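[1] I need the structure of the sequence given here:
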Amino acid sequence: MSQRTLHLVSLGCPKNRVDSEVMLGVAERVGYSHVSEASEAEVIVVNTCGFIDAAKQESIDTILELAEHKKSGACQTLVVTGCLSQRYPKELAHDMPEVDYLLGSSDMLKLERVLRGNLSDQDGRILVGSPADWVIRSKDPRTLTTRGASAYVKLAEGCNRSCSFCIIPRLRGKQRSRPADDIVREVKHLVARGVVEVNLISQDTIAYGRDSDDKARLSDVVRRIADVKGIRWVRMHYLYPETLTDDLVELLTAHPRVLPYVDMPLQHASDAMLRRMKRGHGGKRLRTLVEQLRHRVDGLVLRTAFIVGHPGETEQDFDELIEYVKWAEFDRLGVFRYSDEPETASHEQDGKVPSRTAGARAKQLMAVQRRISRKKNKSLVGRQLDVLVEGPSEESELVMVGRHAGQAPEIDGMVYLSGDVGGSGRIVSARVVSATDYDLMAEVPEHQAATSTPVESGAKAMRRLRVV
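    Residues are numbered from 1 along each chain as shown. Prediction:
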């Protein structure tokens, strides 16, 4: 008997991607094979994002597009999961009769009941549970979808912050940190499958362990992960802008496998805006934090994100943000236009900024960052970098791409490789020959083809390079 087929589309953040990988693992355990073409799938799953308007619209458009395969393709069952269905289960059920089942943001394992047909008439179409029902475990099935021997590892679910613009605590529940032993166990499983890079994620990574009985510390679990035999690169994402502990800074500074890469969304730099956003600090702390990190961590790569167009943002506030970005010279930067979400405190604030103004500010801020990024990239020309090979580029199968240790998967630039690169999942040493605003071009010497072990770790190489 041939395997049944399933097609899954994952939208939104890396946390959602891990949830999707668990659902793929569930499907494989039940006997389904994943197909890349939706037209060939008997079951289609859409894991949605419901964070901001643009993400909600993308989710709805994707659902409607894939629902057409119930008419013209092999699809018999359409399942919608994730944050959008967690937020609007009844509305989606009413407005989209073509959707057979709705699961929420913590219902990944319920997919097995759907696929096995183990549902009663009383269950109905809406199978959305509490957002706090689930935390990923190392024993949960998981099918990796990332390229180049890289994987995301969730440290926690949910969030205890009360940022005025954010809906995540409603969609994901309060913070639930995973036991450190279980995290390390999962990393060992990943290494056994060939993973050499782990990217640590959660909604509020700096707060890891504060909700647990043993008050586990982030620095302790990161050290244990980095000490797992076979791991080459460990990168931390989504650190809330607090004073970093000496233990954590020491890891960023000295551990050979903890990359001096800090992903810390700051959201704004104006005191007035930070108060309105309920961030719990002012702009002075953000300047001090950047100064301390730049001073203490050699080779630091600092990524951040900002929101423009939040209610009350004046031209003066925006000018402060522009000047802060020029001063800080972040290595990586993302900009989001404010999304006015009804269930948030920001929604009730006055001083709404016109969408056109917010859009213009986003373009202006990114133009500033583009110049900074171009300068930093051009300073790398002639340097030798360790590069994790991901595989053929999306533009051409004849061109291989990878990432150096200062580039996180999917959100940062790429290194386009020439020479005898070899297969994906290897770390090779390459010389940068040219640079664009966000990407690098590099050559791999012929003698590299026979080895996947560079002379030094990516972390050490990053600390050796001071990018100015």
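[2] got the buried residues for stretch 259-270?
    259-270 (16 or more other CB atoms under 10 Å). Bear in mind the C-beta positions are built from the backbone N, C-alpha and C, glycine included.
[3] Check stretch 419-432 too.
    419, 421-422, 424-430, 432.
[4] give me the low-pLDDT residue ranges for this protein?
    1-2, 447-468 (pLDDT under 70).
[5] okay, now the domains of it?
    Residue ranges for the domains of the chain, per automatic domain parsing: 4-116, 150-377, 384-464.
[6] Can you get me the start-to-end distance on the second one?
    Which is domain 150-377. This stretch, domain 150-377, spans 23 Å end to end (CA to CA, to the nearest Å).
[7] can you name the two of the buried residues of stretch 419-432 that are farthest apart?
    Gly425 and Val432 (21.2 Å; CB to CB).
[8] Quick one: the helices in the stretch 201-350 of the chain, in order.
    Here the stretch 201-350 of the chain has its helices, by DSSP state H, counting those that start in this stretch, at 218-226, 246-254, 271-276, 283-296, 315-328.
[9] Could you say which of those is packed most deeply?
    Highest mean neighbour count among the helices of the stretch 201-350 of the chain (mean count of other CB atoms under 10 Å): helix 218-226, with a mean of 21.
[10] Which strands or helices does that one pack on?
    Here helix 218-226 touches helix 180-192, strand 197-201, strand 233-236, helix 246-254, strand 258-263, going by 3 or more CB pairs under 8 Å, 6 or more residues apart in numbering; DSSP states H and E.
[11] now with 6 Å?
    helix 180-192, helix 246-254 (3 or more CB pairs under 6 Å, 6 or more residues apart in numbering; DSSP states H and E).
[12] Distance of the residue nearest to Leu251 when sequence neighbours are not counted relative to Asp220?
    In space, and not counting its chain neighbours, Leu251 is closest to Val258: 4.5 Å by CB to CB, 6 or more residues apart in numbering. Distance, Val258 to Asp220, using CB to CB, to the nearest Å: 13 Å.
[13] rewinding a little: switch the buried residues of stretch 259-270 over to CSV; also include distance to Gln86.
    Output for the buried residues of stretch 259-270, formatted as CSV (distance: CB to CB, whole Å):
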residue, distance to Gln86
Leu259, 33
Pro260, 36
Tyr261, 31
Val262, 30
Asp263, 25
Met264, 27
Pro265, 22
Leu266, 27
Gln267, 23
His268, 27
Ala269, 32
Ser270, 32
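[14] Tell me the one of the residues you listed nearest Glu197?
    Using CB to CB, the buried residues of stretch 259-270 come closest to Glu197 at Leu259, 8.9 Å.
[15] Surely that closest one and Arg232 touch.
    No. Look at Leu259 against Arg232 with CB atoms under 6 Å: they stay out of range, at 9.6 Å.
[16] May I have the phi/psi pair for Val415?
    Val415 adopts backbone torsions of phi -110, psi 120, taken as degrees, to the nearest 10.
[17] How about the contacts made by it?
    387, 402, 404, 440, 442 (CB atoms under 6 Å, 6 or more residues apart in numbering).
[18] Tell me which two of the residues you listed sit farthest apart.
    Taking CB to CB, no two of the contacts of Val415 sit farther apart than Gly402 and Leu440, at 9.7 Å.
[19] Looking at these two, which is more packed in?
    Using other CB atoms under 10 Å as the criterion, Gly402 and Leu440 rank with Gly402 on top: 29 against 26.
[20] Make sure that one is actually in contact with Val387.
    Yes. Assessed by CB under 6 Å, Gly402 is found in contact with Val387 at 4.2 Å.
[21] where along the stretch 101-250 of the chain do the strands fall?
    With strands called from DSSP state E, counting those that start in this stretch, the stretch 101-250 of the chain shows them at 101-102, 150-154, 156-157, 176-177, 197-201, 233-236.
[22] how far does the first one sit from the chain's center?
    This means strand 101-102. 25 Å (CA atoms, centre = their mean, to the nearest Å).
[23] Show residues contacting it.
    Residues beyond strand 101-102 that count as contacts (CB under 6 Å, 6+ apart) turn out to be 79-80, 85, 89, 92-93, 114, 125-128.
[24] Just send the residues you listed back as CSV, with neighbour count and distance to Val187 too.
    CSV is the format used below for the contacts of strand 101-102 (neighbours: other CB atoms under 10 Å; distance: CB to CB, whole Å):
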residue, neighbour count, distance to Val187
Val79, 24, 30
Val80, 30, 31
Ser85, 30, 30
Pro89, 18, 34
Leu92, 21, 36
Ala93, 18, 38
Val114, 23, 30
Arg125, 17, 37
Ile126, 15, 35
Leu127, 20, 31
Val128, 25, 31
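[25] Out of those, which two sit at the greatest distance?
    Those two in the contacts of strand 101-102 that are separated most widely, counting by CB to CB, are Leu92 and Val114, at 15.7 Å.
[26] quick one on the thing from earlier: nearest to Leu274, of the contacts of Val415?
    His404 (32.7 Å).
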